[in-house]
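Visitor: need coordinates for the following:
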Amino acid sequence: MAGYKVEWKSAAYHELKNLDRQVISRVLRTVEALAQNPIPPGARKLHGADRTYRVRVGDYRIIYELAEQEQMVTLIRVRHRKDAYR
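Guide: A predicted model of the protein is given here:
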């Protein structure tokens, strides 16, 4: 299977920059893994959305949209779990 292209929305990139350094490295490893397997074990589809998923990274959530036809993963949010769905 060919890898997916990963695109960062500007909001997700800015949220990533404000995280702790250790959390950033874990998030980046998870994002790299999404390029190979866009729906890894533990990923959940969000209710009310056709192509939006979330994956856990400790207490943080990566919310992304998957476009299978274009083979693109678009990262929408990287937030703490208490703020992720607002």
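Visitor: and stretch 77-86, how far out from the chain's middle?
Guide: Here the centre of stretch 77-86 is set off from its chain's centre by 11 Å, with CA atoms, centre = their mean, to the nearest Å.
Visitor: and it, average pLDDT?
Guide: Taken as a whole, stretch 77-86 has a mean pLDDT of 89.
Visitor: got the buried residues for it?
Guide: Arg77, Val78, Arg79, Ala84 (16 or more other CB atoms under 10 Å). Backbone N, C-alpha and C define where each C-beta goes, glycine included.
Visitor: tell me who's in contact with the closest residue to Asp59 other than its chain neighbours.
Guide: Counting by CB to CB, 6 or more residues apart in numbering, Asp59 lies nearest to Arg81, which is 5.4 Å off, once chain neighbours are set aside. Arg81 makes contact with Arg56, Asp59, Tyr60, Arg61 under the criterion CB atoms under 8 Å, 6 or more residues apart in numbering.
Visitor: is it true that the second one touches His80?
Guide: Yes. In this structure, Asp59 sits in contact with His80. The criterion is CB atoms under 8 Å, and the distance is 5.9 Å.
Visitor: good, we can wrap up now.
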